[in-house]
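Trainee: This is the structure alone, sequence omitted:
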């Protein structure tokens, strides 16, 4: 299922848009004009990657500076150890759509517990 995120014209290059679903997804528009979507939550601790710093095809977590590759989800700077999920992006008629991956997300324990209905 394709989820509409936002209009491409409304997402400036170098910026991110947070799609409020469970778990949230971030859509990034790189300075080179590419569009990527990854899980919004850092795998180390509950921090929004949409609030991070975008450089090339990497986003740096605003909390503890882990870096994630937008193309693969791979983490290349600690303290995070697990990758984030990547999602398919389609731009059609000026609209950005995201097809959310069916793979299990790598969420920090506090977020996974909350989504499962446990204590926050």
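Mentor: On my side now, so go ahead. None of these values were measured; they are calculated from a predicted model.
Trainee: which residues in the protein form helices?
Mentor: 109-115 (DSSP state H).
Trainee: Tell me who's in contact with residue 34.
Mentor: Shown in contact with residue 34 (C-beta atoms under 8 Å, 6 or more residues apart in numbering): residue 57. All C-beta atoms are positioned from the backbone trio N, CA, C, and that covers glycine.
Trainee: Strands of the chain, residue ranges please.
Mentor: 2-7, 15-19, 25-29, 35-39, 53-55, 58-60, 67-69, 86-92, 95-99 (DSSP state E).
Trainee: lowest-confidence helix or strand of the protein?
Mentor: Lowest on mean pLDDT, DSSP states H and E among the helices and strands of the chain sits helix 109-115, with a mean of 72.
Trainee: circling back: of the strands of the chain, which is nearest residue 80?
Mentor: strand 67-69 (7.5 Å; C-beta to C-beta).
Trainee: For that closest one, name the packing helices and strands.
Mentor: If you count contacts as 3 or more C-beta pairs under 8 Å, 6 or more residues apart in numbering; DSSP states H and E, strand 67-69 packs onto strand 58-60.
Trainee: what's the strand it packs on packed up against?
Mentor: strand 53-55, strand 67-69.
Trainee: now with 6 Å?
Mentor: Applying 3 or more C-beta pairs under 6 Å, 6 or more residues apart in numbering; DSSP states H and E, one finds that strand 58-60 contacts strand 67-69.
Trainee: Which residues does the strand it packs on contact?
Mentor: Applying C-beta atoms under 6 Å, 6 or more residues apart in numbering, the contact partners of strand 67-69 are 58-60, 75-77, 84.
Trainee: just stretch 53-64 next, same as before
Mentor: By C-beta under 6 Å, 6+ apart, the list of residues contacting stretch 53-64 reads 14, 28, 42, 45, 47, 49, 51-52, 67-71, 79.
Trainee: Mind checking the pLDDT average for it?
Mentor: Computed over stretch 53-64, the mean pLDDT rounds to 96.
Trainee: List the buried residues in that stretch.
Mentor: 54, 57-61, 63 (16 or more other C-beta atoms under 10 Å).
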